[in-house]
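> Quick one, what's the 3D model for this:
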Amino acid sequence: MTRESRLASRIIPSAALALLAALWAGLVRIGWGLPPLLPALPGAHGPLLVCGFLGTVIAVERAVALNRRWTYVGPLFTGVGALALIVTDTSLGPALMTIGSLNLVAVCVLIVRRHPALHTAVMGGGALLWMVGNTLWMAGQSIAEATPWWLGFLVLTIAGERLELNRVLRLSRGSRGAFLGAVFLLLAGITASVNVFKAGTQLAGAGMLTLALWLLRYDIARRTIKKGGLTGFIAACLLSGYVWLGISGALTLRFGGLTAGPYYDAQLHSVFLGFVFAMIFGHAPIIFPAILGREMAYRSAFYAHLSLLHFSLLLRLVGDLTGVLPARQWGGLLNVVALLLFLANTVRSLRPEPRGLAQ
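The predicted structure follows:
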């Protein structure tokens with residue numbers, strides 16, 4: 001195991017704990033009657049998932065790629081911040097996560113300087129959105145007001161990565177212009193949401209919908225979906241995730257300005273679960289070996305957690321949009337089962353580390 005992998009392996013457990021705590025909090029919030037364990041836990045569901053888990057994993061991935069020790073400061077702070085959120089309802093967690101996101105911005109600045117390109121600039125813009133959202137949250141704004149910025153962070157990070165991987169298609173100037181137009185709509189809506197929340201979130205929804213259509217049209221996954229094995233699985237994850245991004249964008253365009261309730265639940269989980277985790281499922285066999293320094297074998301069982309994610313989320317949305325509470329609750333419970341199944345399949349697929357490297 002390399003030095004970088006050892007550093008990453010010491011941070012990843014805090015991200016995993018943040019995910020598990022967020023899942024428990026989600027079940028409490030959706031009405032399954034579970035004990036909250038700690039008073040602050042239910043209210044920390046969103047920040048734990050977005051900042052504690054997703055933000056930490058993304059920051060670790062960037063740190064491993066750059067191979068510089070200072071880049072691990074960010075995920076270390078967000079990991080500790082997640083622990084603070086779990087145990088106490090104070091400003092410590094938001095402050096630590098804001099510092100961590102500032103470090104990621106510095107990392108992205110370095111990446112853009114080394115590799116100036118549209119995709120690196122888009123991913124850097126995503127990191128900046130995360131920092132702004134965390135700053136607003138730390139300053140006392142509600143989680144609902146910070147959420148558009150967190151959403152933008154994840155959407156732009158993923159869109160930038162897909163743009164990079166699609167360079168082999170030699171996209172035309174017009175297609176790149178359409179991509180920029182979708183990004184501009186998203187950024188304009190998120191920025192406007194500070195002053196005009198409803199109109200801003202609706203504009204951001206239009207940007208999400210436009211970006212989803214662009215990805216469905218231009219992503220190389222359209223060509224690789226017919227292939228078998230890992231390549232076909234990744235394509236299935238990507239294309240299905242883009243559909244959920246489009247659904248979330250359409251719902252946000254229609255019901256923008258909400259901060260609670262079943263329609264709001266449908267908007268958020270379409271993108272944070274359907275889109276983001278479909279991307280994670282697809283990229284995990286590539287990213288986790290790079291982070292942990294261990295190979296990962298592809299298994300056809302990966303389709304089990306992908307299928308369950310989509311089925312459970314569809315059930316949840318039916319409950320949200322029709323007012324059938326049991327459908328919403330069972331959908332939420334099966335969402336958790338899908339993510340736990342993903343973790344189990346991932347651990348099972350990691351190959352044993354060669355003894356000579358296990359130092």
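
> Flag the shaky bits of the stretch 51-200 of the chain, pLDDT-wise.
Scanning the stretch 51-200 of the chain for pLDDT under 70 picks out 168.

> try 50 this time
Applying pLDDT under 50 to the stretch 51-200 of the chain flags no residue at all.

> Need the residue closest to the centroid of this structure.
Taking C-alpha atoms, centre = their mean, the centroid of the chain lies closest to Val276, which sits 4.4 Å from it.

> Dump stretch 324-344 to PDB, keeping only the CA atoms.
C-alpha atoms of stretch 324-344 as PDB (Å, rounded to 0.1, in the frame of the first residue of the first chain):
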ATOM      1  CA  VAL A 324     -49.400   7.400  -0.200                       C
ATOM      2  CA  LEU A 325     -47.200   7.400   3.000                       C
ATOM      3  CA  PRO A 326     -46.500   3.700   3.100                       C
ATOM      4  CA  ALA A 327     -45.100   3.800  -0.400                       C
ATOM      5  CA  ARG A 328     -42.800   6.600   0.600                       C
ATOM      6  CA  GLN A 329     -41.700   4.900   3.800                       C
ATOM      7  CA  TRP A 330     -41.000   1.500   2.200                       C
ATOM      8  CA  GLY A 331     -39.200   3.300  -0.700                       C
ATOM      9  CA  GLY A 332     -37.000   5.000   1.800                       C
ATOM     10  CA  LEU A 333     -36.300   1.800   3.700                       C
ATOM     11  CA  LEU A 334     -35.400   0.000   0.500                       C
ATOM     12  CA  ASN A 335     -33.200   3.000  -0.500                       C
ATOM     13  CA  VAL A 336     -31.100   2.300   2.600                       C
ATOM     14  CA  VAL A 337     -31.000  -1.500   1.800                       C
ATOM     15  CA  ALA A 338     -29.800  -0.700  -1.700                       C
ATOM     16  CA  LEU A 339     -26.900   1.500  -0.300                       C
ATOM     17  CA  LEU A 340     -26.000  -1.200   2.300                       C
ATOM     18  CA  LEU A 341     -26.000  -3.800  -0.400                       C
ATOM     19  CA  PHE A 342     -23.700  -1.600  -2.500                       C
ATOM     20  CA  LEU A 343     -21.300  -1.400   0.400                       C
ATOM     21  CA  ALA A 344     -21.400  -5.100   0.900                       C
END
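
> And it, what's buried?
Residues of stretch 324-344 classed as buried by neighbour count (16 or more other C-beta atoms under 10 Å): 327-336, 338-339, 341-342. Yep, even glycine has a C-beta here, placed from its N, CA and C like the rest.

> Kindly report the same for stretch 86-99.
Ile86, Val87, Gly93, Pro94, Ala95, Leu96, Met97, Thr98, Ile99.
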